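In: predicted model, plus sequence, below.
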Amino acid sequence: MAADSVNRGVPLDALIALLAAAMVGTGKPVQSVSTGGEEFDKTRETPYMTVVENGTSSRDSGLGNTKWDNVFCYEQVTFVRYQDAANGWTINDVSDQLNLVDKWLRDTIANNRQNSNWSFIGFSEEPGQRPPMSQIITDPSRGCVMEIRNIYIRYIEA
């Protein structure tokens, strides 16, 4: 049988759909979720999220010579508009938004550890590992604060 490895774009699409369903809409903390990088778009409402591919690790699954145990890494970035005292938007408002998005994101990942799209999802490559800290970057010149973290999806080919 010929190999037919999964395209890492498939779990990415599922991840974006999950985040959008769980975190975008009335009473939810995010305005939109899309693929994209770390460029802040001043025309978009914040907070918003982007997710991009950030690498792949594959090893023999032991289930046959054409199957892989894959870990796909995706970089997730939350963008929040920087403080704007003239419009009453303070650094505390920025912090409150980041804190709310962080909580909702962690809850969403925890509630979807396994499903039909992946064998495991989390903030570290292996379950039980301490993940690296997210990074919060304040960039007044671009008018935003960003929180950046990795999300790992393990996909064992059947």
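Out: Perfect, I can see it now. Every value quoted in this text rests on a predicted model; they were computed, and no experiment measured them.
In: now for the chain, the helix or strand with the poorest mean pLDDT.
Out: Sorting the helices and strands of the chain by mean pLDDT, DSSP states H and E puts strand 48-60 at the bottom, at a mean of 89.
In: could you pull up the mean pLDDT of stretch 150-158?
Out: Mean pLDDT, stretch 150-158: 89.
In: any idea how far N92 is from D102?
Out: According to Cβ to Cβ, to the nearest Å, D102 stands 15 Å off from N92. From N, CA and C alone the C-beta is placed, and that goes for glycine too.
In: what residue is smack in the middle of this protein?
Out: What sits nearest the mean C-alpha location of the chain, by Cα atoms, centre = their mean, is Q76, with 3.4 Å.
In: now do the contacts for that residue.
Out: With contact set as Cβ atoms under 8 Å, 6 or more residues apart in numbering, Q76 has these partners: 19, 49-51, 105, 148-151.
In: report the beta-bridge partners for it.
Out: Following DSSP bridges, Q76 is listed with bridge partners V51, R149.
In: can you point me to the longest helix in this structure?
Out: Counting by DSSP state H, the longest helix found in the chain is helix 91-110.
In: and the helix or strand that that helix is followed by, what does it pack onto?
Out: Per DSSP states H and E, the first helix or strand lying C-terminal to helix 91-110 is strand 120-122. Secondary-structure packing of strand 120-122 (3 or more Cβ pairs under 8 Å, 6 or more residues apart in numbering; DSSP states H and E): strand 144-156.
In: list the buried residues for the strand it packs on?
Out: Residues 144-147, 149-156 are the ones in strand 144-156 that count as buried (16 or more other Cβ atoms under 10 Å).
In: ok, those vs N87, which is closest?
Out: C144 (14.7 Å; Cβ to Cβ).
In: just list whatever residues bridge to that closest one.
Out: R81, D139.
In: list the contacts for it?
Out: 40, 46, 79-82.
In: could you dump those to JSON lines with pLDDT?
Out: Converted to JSON lines, those look like this (pLDDT from 0 to 100):
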{"residue": "F40", "pLDDT": "87"}
{"residue": "T46", "pLDDT": "92"}
{"residue": "F79", "pLDDT": "95"}
{"residue": "V80", "pLDDT": "95"}
{"residue": "R81", "pLDDT": "93"}
{"residue": "Y82", "pLDDT": "91"}
